[in-house]
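> Fold the following for me, if possible:
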Amino acid sequence: MRIKRAQTGEIASRGRVLQRRWLGRVTVALAVVGGTMTVAAPADSAVNQFGPHTCKQGSVWREAFSGDLVCVAPGVRGETRTENALGPSRRQPGGGPFGPDTCKQGFVWREARPSDHVCVPPSSRDRARGDNASAVMRLANPSAIPRGSVQITTVRHQLGGDLFASGSSLTPNGRVQFWSAAPGLPASQLSTLTANSGGGLSRQWFYRTNCRVHDPREETVIVLDAASGTVTTGGTTRVHPRC
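Numbering: from 1, shown residues only. Here you go, the predicted structure:
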């Protein structure tokens, strides 16, 4: 009987240890909100903390200028800050053919947005353009972005529907990318248009939906002004409605 009691006590002790370990692990994964323990959703909590322009894990805001929320690798943000600091020393003293912001030979304007005249090596300008073009894909939740000045209209027909874009406040003569995003799925690019000389779109067609590939989910249409990296939303539609 003593042996049995000892074994029973040892098992109970081990059980308490395992229980404490399990509770410790669970405690790390739980957040106490208003006295109620709830499992935290990493992406949602990040968006709640940093706003709708929250980047995916591994990316940070570029911050080439005030309000620049394009997501880039941390190293790129560090290099961007260095470029901002060195920019004045890379300008041509007294200006030149491009005005007071003319760069010294071997440097060009970065153009993270059209008015960005920080002088950088040509490779940095190429990188800034590439980062702008990738702005939608690097967001944690593109569909959470606020509405912008571009409005999406869907015209239904027997084959599905046509999507049209109208709006203003875009980069004049700049490329405008359109993406669709549904909850739980990565954003996918639909098409590209070019804004007019006034930075507008006048009910321009950009995508035809296909009802033969039925998907009942309503998707958010994402609008990217590629010249500035500005991301907004233009409304919702069903990209693949039922015929």
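
> Name the residues that touch the helix or strand containing Arg208?
Under the criterion of DSSP states H and E, Arg208 resides in strand 201-210. Strand 201-210 is touched from outside by 150, 153-154, 159-168, 170, 176, 178, 190-193, 195-196, 237-241, with contacts defined as CB atoms under 8 Å, 6 or more residues apart in numbering. To be clear about C-beta, it is placed using only N, CA and C from the backbone, and glycine gets the same treatment.

> could you dump it to PDB, C-alpha only?
The C-alpha trace of strand 201-210 is given here as PDB (Å, rounded to 0.1, in the frame of the first residue of the first chain):
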ATOM      1  CA  LEU A 201     -10.200  59.000 -64.600                       C
ATOM      2  CA  SER A 202     -13.500  59.500 -66.500                       C
ATOM      3  CA  ARG A 203     -15.600  56.300 -66.200                       C
ATOM      4  CA  GLN A 204     -12.900  54.100 -67.700                       C
ATOM      5  CA  TRP A 205     -13.300  50.400 -68.200                       C
ATOM      6  CA  PHE A 206     -10.600  48.300 -66.600                       C
ATOM      7  CA  TYR A 207     -11.900  44.700 -65.900                       C
ATOM      8  CA  ARG A 208     -14.600  42.200 -67.000                       C
ATOM      9  CA  THR A 209     -15.900  39.800 -64.500                       C
ATOM     10  CA  ASN A 210     -16.500  36.100 -65.300                       C
END
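
> List the buried residues for it?
Leu201, Gln204, Phe206, Tyr207, Thr209 (16 or more other CB atoms under 10 Å).

> if we can go back for a sec, which among the contacts of strand 201-210 count as buried?
Using 16+ other CB under 10 Å as the burial test, those include 150, 154, 160-161, 163-165, 167, 170, 176, 178, 190, 193, 195, 237-241 as buried.

> Can you name the residues bridging to Leu224?
Taking DSSP bridges, one obtains Gln177, Val231 as the residues bridged to Leu224.

> Next up, the contacts around it.
Counting by CB under 8 Å, 6+ apart, Leu224 has contacts Asn132, Ala133, Ala135, Val136, Val176, Gln177, Phe178, Trp179, Thr230, Val231.

> pLDDT score for the residue most central in space within the chain?
Residue closest to the average C-alpha location in the chain (CA atoms, centre = their mean): Leu139, at 2.4 Å. Listed pLDDT for Leu139 reads 96.

> which residues in this protein form strands?
30-33, 36-39, 60-61, 71-72, 108-109, 119-120, 150-157, 160-167, 175-181, 188-194, 201-210, 219-225, 230-237 (DSSP state E).

> Let me know which of these is the nearest to Ala85.
strand 119-120 (11.6 Å; CB to CB).

> ok, residues contacting the closest one?
With CB under 8 Å, 6+ apart as the criterion, strand 119-120 contacts Glu83, Gly87, Arg90, Arg91, Asp101, Cys103, Lys104, Phe107, Val108, Trp109, Arg110.

> Try it again at 7 Å.
Glu83, Gly87, Arg90, Arg91, Cys103, Lys104, Phe107, Val108, Trp109, Arg110 (CB atoms under 7 Å, 6 or more residues apart in numbering).

> Kindly provide the whole-number mean pLDDT of stretch 179-186.
On average, the pLDDT along stretch 179-186 is 84.

> Name the residues that touch it?
With CB under 7 Å, 6+ apart, stretch 179-186 has contacts from 136, 142-143, 187-190, 217, 219-222, 224, 239.

> ok so, going back, for Gly95, find the nearest of the strands of the chain.
Taking the strands of the chain one by one with CB to CB, strand 119-120 is closest: 12.3 Å.

> pretty sure Ser168 is in contact with Gly148, am I right?
No: Ser168 lies out of contact with Gly148 (CB atoms under 7 Å); the separation is 9.9 Å.
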